[in-house]
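1. Pasting a predicted model and its sequence here:
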Amino acid sequence: MKKATLFCLLALVVLIAVPAYAEVQNVKVSGDLSARWLLRWNYDLAPNKGVGSGYDFLMSTAEVQVDADLTDNVSTVVRLANQRDWGEPISQKIGTATDTYDVIVDLANVTFKEMVYSPLTVTIGRQDLWFGKGFIIGAKQRDPLASISANEYTVINSFDAIKATLDFDPWKIDGVYSLLEENTTNRNDHVWLLGTNIGYKFDSYNGEAEAYYWKKHDNSGVAYTGSSAIVADRTNWIDTYGIRGSFEPIANATLAAEGAMQFGRYSTASDISRSRHAGALDLSGDYAFKDMKWTPKLGLEYILYSGEASPSSSSEGTYHGWDMMYRGKFDSAIREFQNLYYATAQRQTGYEGITNAQDSGATNEMQFIIKANIKPTNNIGIDGRFIWFRNDKSQAAEAPDGGTLYNGRNKDLGQELDLTLNYTYTEDVSFGLLGAWFFPGKYWVSDFDQVATDVVGTVKVAF
């Protein structure tokens, strides 16, 4: 009798479980592991002796992603990630809890294909967003656990968002709402993003074009520049309009252009609300010599992010500083992250921690880029780029020598040389070696204009 009862219970479990598992049509597990060794000198451009003059560290990132296809055009994605510097923190040795080994939920979303209307796809939850070349919307870079010392290598770039896509090939229309920051849930003090991207692919010349609108609305009350103080009843908002296009006028040659304008309001810690009018431009051309040995490729690019001459002014004049939004496209290893992640020694007092102040590599800048690439073998690639940086608007500079202020500095920020060697060991394993040097220009105050050096060795495994 007991055997019959046990058999019936097992049969019931199977009958219940089979329909549940039958709903999953396909499951895919993927991921990647990366380890980096970083060696850096004079990242603050100061003449350090001993501490800060040169340092090295190692870091790792690990990601595991599970994709599941369900019935009725429903699919889900979950990605877990861990990123950390190597070695246990000192606090760990004395028993203090640390977050270095915590796992972060980077992606967690569900996608509905042909929802209500066959061309419509809707994705809800934490997801990656990348539009065009990532010039405006590409990555929400962050290190939630403060576990790495090189934030530009973070793998946490996702958005909490709802995205709807209408695919009318060759037209494609995307609409997005993202909650970027939530402070107090029962107060209107959050930051949100709303926008649309309309794209079209042409039948000839491998051409494509896009137009977009993105609105970032900030009710958090935190000033953007000059202070980190809370501003009561002040709101920043940015309306970004832009167009992008690329085509191949002749074989192996590509021309591309993107331009955007920003409007809205800009509030400061001095309780002044100013109108906003800023612009950005990206022009590029590339040519690949596919019939030559080592298949060299050459390119030229010009980038402009408009700047503000008086970012902390109490006047009611128009504010012209470019807000980087959530750019995923970065073209240099050092300069574009100065005063974004790495403060320079001469940064003006009061701007600490303000990522879009006008001495930052994210705004008020022109970039003139020369790019080159060769492939000596099928497994080896060598990339090089030389970049000249200039301010859009001249800025003051303050040296850390007791507060001496140098007004009307030269716009010449300097030059950067980046060289990268890539080696594909197998289809799943690759090695990389980066050498980068930033040579400060006349903008920088004497004795605080040392050459910055970055060396990064990488091994990456994808599965």
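-> In hand now; what should we look at? Numbering: from 1, shown residues only.

2. Going by C-alpha atoms from here, please, whenever you check contacts or count neighbours.
-> Noted.

3. ranges for the helices of the protein?
-> Ranges of helices within the chain are 2-22, 90-93, based on DSSP state H.

4. averaging pLDDT over each of those helices, which comes out lowest?
-> Least confident of those, judged by mean pLDDT, is helix 2-22 with a mean of 42.

5. And Thr458, how far from Ile198?
-> 37 Å (C-alpha to C-alpha, to the nearest Å).

6. Look at Val455 and say how many residues are nearby.
-> Neighbourhood size, Val455 [other C-alpha atoms under 10 Å]: 19.

7. So it versus Leu179, what's the distance?
-> Val455 is 36 Å from Leu179, by C-alpha to C-alpha.

8. Could you find the closest non-adjacent residue to Trp37?
-> Ranked by C-alpha to C-alpha, 6 or more residues apart in numbering and with sequence neighbours excluded, the top spatial neighbour of Trp37 is Leu58, at 4.4 Å.

9. dump the residue contacts of Arg126.
-> Asp106, Leu107, Ala108, Asn109, Ser158, Phe159, Asp160, Ala161 (C-alpha atoms under 8 Å, 6 or more residues apart in numbering).

10. Distance check, it against Thr196.
-> Noted for Arg126: a distance of 18 Å to Thr196, by C-alpha to C-alpha.

11. Quick one: residues contacting Thr363.
-> Counting by C-alpha under 8 Å, 6+ apart, Thr363 makes contact with Tyr305, Ser306, Gly307, Gly321, Trp322, Asp323, Met324, Asn356, Ala357.

12. rerun that using 7 Å as the cut-off
-> By C-alpha atoms under 7 Å, 6 or more residues apart in numbering, the residues touching Thr363 are Tyr305, Ser306, Gly307, Gly321, Trp322, Asp323, Met324, Asn356.

13. What is the neighbour count of Leu434?
-> 19.

14. Against Asp383, how distant is it?
-> 9 Å.

15. Now the common contact residues for these two.
-> Joint contacts of Leu434 and Asp383 (C-alpha under 7 Å, 6+ apart) are Leu419, Thr420, Leu421.

16. Let's have those in JSON lines, adding pLDDT, distance to Asn252 and neighbour count.
-> Shown next, in JSON lines, are the shared contacts of Leu434 and Asp383 (pLDDT from 0 to 100; distance: C-alpha to C-alpha, whole Å; neighbours: other C-alpha atoms under 10 Å):
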{"residue": "Leu419", "pLDDT": "98", "distance to Asn252": "23", "neighbour count": "18"}
{"residue": "Thr420", "pLDDT": "98", "distance to Asn252": "23", "neighbour count": "18"}
{"residue": "Leu421", "pLDDT": "98", "distance to Asn252": "23", "neighbour count": "16"}
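
17. Out of those residues, which sit inside strands?
-> Among the shared contacts of Leu434 and Asp383, DSSP state E puts Leu419, Thr420, Leu421 in strands.

18. Okay, and the beta partners of the second one?
-> Same thing as Thr420. Listed by DSSP bridges, the beta-bridge partners for Thr420 are Asp383, Leu434.

19. Quick check, it in contact with Gly435.
-> Yes - using C-alpha atoms under 7 Å, Thr420 is in contact with Gly435, at 6.4 Å.

20. okay, now Thr210: neighbour count?
-> Quick fix: residue 210 reads Glu, not Thr. 20.

21. Now do the same contact list for the nearest residue to it once chain neighbours are set aside.
-> Using C-alpha to C-alpha, 6+ apart and skipping residues adjacent in sequence, the residue nearest Glu210 is Gly199, 4.2 Å away. Contact analysis of Gly199 by C-alpha under 7 Å, 6+ apart lists Trp171, Lys172, Ile173, Ala209, Glu210, Ala211.

22. so how far is Ala68 from the residue nearest to Lys113 when sequence neighbours are not counted?
-> Once flanking residues are discounted, Lys113 sits nearest to Thr121: 4.4 Å by C-alpha to C-alpha, 6+ apart. Distance, Thr121 to Ala68, by C-alpha to C-alpha: 16 Å.

23. the more surrounded of these two?
-> Neighbour count, other C-alpha under 10 Å: between Thr121 and Ala68, Thr121 has more, with 20 against 17.

24. Kindly indicate which of the contacts of Thr363 lies nearest Leu166.
-> Ranked by distance to Leu166 (C-alpha to C-alpha), the contacts of Thr363 are led by Met324 at 27.1 Å.

25. Next, work out how far apart that closest one and Glu210 are.
-> Between Met324 and Glu210 the computed distance is 19 Å (C-alpha to C-alpha).

26. And Thr123, by the same measure?
-> Counting by C-alpha to C-alpha, the gap from Thr123 to Glu210 is 21 Å.
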